[in-house]
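Chemist: can't give you the sequence, but here's the structure:
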C-alpha cells in the first residue's frame, strides 16, 4: 500500500506558476487582499470538493473557490485545514445552475474578512479564525482542483469555466456587478483568462500560456474540465512526451496504456509451473474510484516478459472498489491464490482457475476479513491494511499491515483460519524490539514473510523511508526480530518490495522505483518502473546478501576491458560510454578520502551522477546534485515526499544525495556492479549492498564514465563494461 485507501477520481486542474506579482500590486512582493472571480457551470450538483479557482503557495496555504466540499451544492472559500473557511453552511443557498448555466462566483478577502458573492449578490460573509494567507512569486493558480496536493487523486471540479480572474484588491458587490465575461474592467485584474482562440492564455500577460493535458479542452471560448488538466509554469521546462522522454529498455515498466502507474507496487509474485509471475498495481483510467487494478507479467527467464490480461480488476458487483497490496500463496489443495486489500472492504482472496494464472475466481465471501466498523469485534483493536496470507501447517495465517502497539512500536496483527472464511484473532505478530533501528513515524506496510537461510525474514516498507527488512526467528506463532536491515535510505527510490521463491531455491525481490519527476511530466510521459530482480540470502555470519540475477548477463553485448588504473584527478574510462550498460570493477581506495565513479556525464561535466565511496565514514552514496539541469526532476527525503507534484525550485532543501552503510574488511576491495538503463541506476556493492535511483539528464551527451579520487590516490582493476541489449516485452494484455 502506498497511498491511503480512500481514492477519488483523477485530478482535473489548470496549474499555473505565478511569474511575478507586478510591483504596483505588491509593495512587499506578497499578495493578501484579493478577489477570486470565476464564471462556472457545474457538470452536476452532486460533485464534492473541487476547486473552480485556487491560488496556492507551494507546500503552504491556499485560498480557493470550492464547490460542495462541506455542504452539498454550496460554494465556499476553501483553505488548508479550513483555517479560513466557515464550516457551518446549512443556511447558505444551494446552487441550482445546470451544466450550461454559468454563475459568477467571487470570494473577496479584506484583512480577516471574507465575503462570498453569487452573481454580485452577497452569498455569505464572516471573519476568518486564522490569519490571512499571503502569496508570492512561487505561487500557483489552479482551475479545477482545490489544492495541488490532490493532483494525484482529486476530487475535482467537473464542468465549464467561461472566465476566471484574480484581482489584487477586495471587490464589493457594486464592482462585481460591473464585471461581464470576456469584457475588460476597471480596476484591472492581476490575471485574466477568457479562453479565447482555443488557448488558456492570460490576457494580462502575468502568466504564460497554459498546457492542456488529459481530459481538458477549450471549446467555444470555455474551459471544459472532464478529468484532465492544463498546466503552465515558470521553471517547468519544455513539454515532454512518451516519445521524447528517456525510458528503460530492460527493466519491467508500466505499459503506455497504464499511464501514471502510481502506485506501481510489485504484488502477487509467484513461481509456478516453470514461469515467473510478476503482478503490480496500476490505474485503469476507464474505471471509477481511481481504477486500481493488478497487472500481470510473466517470464520464463527473468529477462523477457509477456504482459497478460489483468489478474484482478474491481467489478461493479464487488465489495471492494480497488485492488491494493497483497500477495500470492498456495492453498492446502496445492492451488495458487491471491490475497489483497480491497479498498473500502478489507482482505479479499481469489483462486487460480488455470495453470497459466490468467483466470481468477474471487471468493464469494469477500472480504474474508472485513474492515471492522464501530461496534463490531476488532474495531479499535486492529487495522485492516496490507495483508500477507500463507498456509502454515493446517492453518492459514494472515498478517495485517500498518498496526501499532499501545507503546507506539510497529507490529502486524495476525489472524488464523482453517477455511479462509472463519477467522480467529491471534494478536500482535511481533514487537519492534529496538526503536533505534528506525526513525519516528515509520510504519510496517506491504509485508512479505518467508524463510531465508535458517531464519525468517519480514520484508516490508515504511512509507517514510521505503524498503526494509526484519530478520529473526518464528516461534509459537510469533516473530522475534533479531536484526533490522534497510534496503532504502533517505533520498533513495526503492519502495514497496515483493518476493518469490523459484525452483532453484532463490529468493528473488522486485520493488517499485519511485519517480522523482513532477506529476505533470509523469502524466504526460507515463511512469512506473520495477527494479531489476535481485537475489537475497544470508551469508555465514547471518548478514543479508544482495545480487542481481545471473540471467541478466544474457543481455551483455560488446564487452570492453580497461587496463588497471591509478587515479586522483578526473579520469575518463576510454571507450566506455553509454546509458544502457553494465559496469564491473574493483577499486582499492588507497589513501583517498573519497572514491568517485561518475556516470551519465556530459563532456563538460555540467551534468553527472556520482557514485561515492568514503572509507572514513564507511558509506556508499549516489550524489544527484548535478545529475540534471531539469526543473521537473526533484529529489527529496522520502520516496513519496514530492508526490510528483512540485518543481525543483519549490524545495528549499532538496535531498539530492543519499548514502548507505558499507564497511569493507581490511584488504577488501570495493567491488561494484553498476547497471544503467536510461534513467535507471542500480549500484550493487560487494554482494551486500544496493543503491537505487532514477536520473534524468537533459543532455543527450550525458554518456561518459569516469573515475576520480579526493584527498589521495586510488586504483581500479578488473574494469569491464558491456552494452546491454533491450529485453523483449510483448503486450498481450488485451487477450491471448
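Modeler: All right, it came through fine. From a predicted model like this one, the values you see are computed outputs, not experimental measurements.
Chemist: for the record, mean pLDDT for the top helix by length along the chain?
Modeler: Scanning the chain for the helix with the most residues, using DSSP state H, yields helix 519-525. For helix 519-525, mean pLDDT rounds to 85.
Chemist: tell me which strands and helices it is in contact with?
Modeler: strand 211-213 (3 or more CB pairs under 8 Å, 6 or more residues apart in numbering; DSSP states H and E). Glycine gets a C-beta too; all of them are placed from N, C-alpha and C.
Chemist: Helices of the chain, residue ranges please.
Modeler: Using DSSP H, helices in the chain cover 173-177, 519-525.
Chemist: Take these and write them to a markdown table, including distance to residue 623 and mean neighbour count.
Modeler: Converted to a markdown table, those look like this (distance: least, CB to CB, whole Å; neighbours: other CB atoms under 10 Å):
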| stretch | distance to residue 623 | mean neighbour count |
| --- | --- | --- |
| helix 173-177 | 54 | 16 |
| helix 519-525 | 22 | 24 |
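Chemist: Any chance of JSON lines for these, columns distance to residue 483?
Modeler: Compiled in JSON lines, the helices of the chain are given as follows (distance: least, CB to CB, whole Å):
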{"stretch": "helix 173-177", "distance to residue 483": "66"}
{"stretch": "helix 519-525", "distance to residue 483": "36"}
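Chemist: wait, which of those is closest to residue 400?
Modeler: Taking CB to CB, helix 519-525 is the member of the helices of the chain nearest to residue 400, at 30.6 Å.
Chemist: That closest one: how far from the chain's middle?
Modeler: 12 Å (CA atoms, centre = their mean, to the nearest Å).
Chemist: now do stretch 248-261
Modeler: 14 Å.
Chemist: next one: stretch 105-114
Modeler: On CA atoms, centre = their mean, the centre of stretch 105-114 falls 36 Å from the chain's centre.
Chemist: Check stretch 587-600 too.
Modeler: For stretch 587-600, the distance to the chain centre is 32 Å (CA atoms, centre = their mean).
Chemist: again, but for stretch 294-309
Modeler: Per CA atoms, centre = their mean, the centroid offset for stretch 294-309 relative to its chain is 22 Å.
Chemist: mean confidence for it?
Modeler: 98.
Chemist: and what of stretch 361-369?
Modeler: 98.
Chemist: in the stretch 601-736 of the chain, which ranges drop under the pLDDT threshold?
Modeler: Within the stretch 601-736 of the chain, the stretches with pLDDT under 70 are 643, 735-736.
Chemist: need the helix or strand of the chain with the lowest average pLDDT.
Modeler: The helix or strand of the chain with the poorest confidence is strand 14-17; it has a mean of 46 (mean pLDDT, DSSP states H and E).
Chemist: quick one: the strands in the stretch 551-700 of the chain?
Modeler: 556-562, 565-567, 571-577, 580-588, 594-601, 609-614, 619-623, 657-661, 670-677, 680-685, 689-694 (DSSP state E, counting those that start in this stretch).
Chemist: can those go into TSV with extra columns for distance to residue 497 and mean neighbour count?
Modeler: Output for these, formatted as TSV (distance: least, CB to CB, whole Å; neighbours: other CB under 10 Å):
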stretch	distance to residue 497	mean neighbour count
strand 556-562	26	13
strand 565-567	36	16
strand 571-577	31	16
strand 580-588	22	20
strand 594-601	24	24
strand 609-614	22	21
strand 619-623	18	22
strand 657-661	15	18
strand 670-677	17	21
strand 680-685	13	22
strand 689-694	11	24
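Chemist: Make a markdown table from those strands and add distance to residue 524 to it.
Modeler: Rendered in a markdown table, the data for the strands of the stretch 551-700 of the chain read as follows (distance: least, CB to CB, whole Å):
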| stretch | distance to residue 524 |
| --- | --- |
| strand 556-562 | 32 |
| strand 565-567 | 41 |
| strand 571-577 | 29 |
| strand 580-588 | 23 |
| strand 594-601 | 22 |
| strand 609-614 | 23 |
| strand 619-623 | 26 |
| strand 657-661 | 27 |
| strand 670-677 | 21 |
| strand 680-685 | 19 |
| strand 689-694 | 16 |
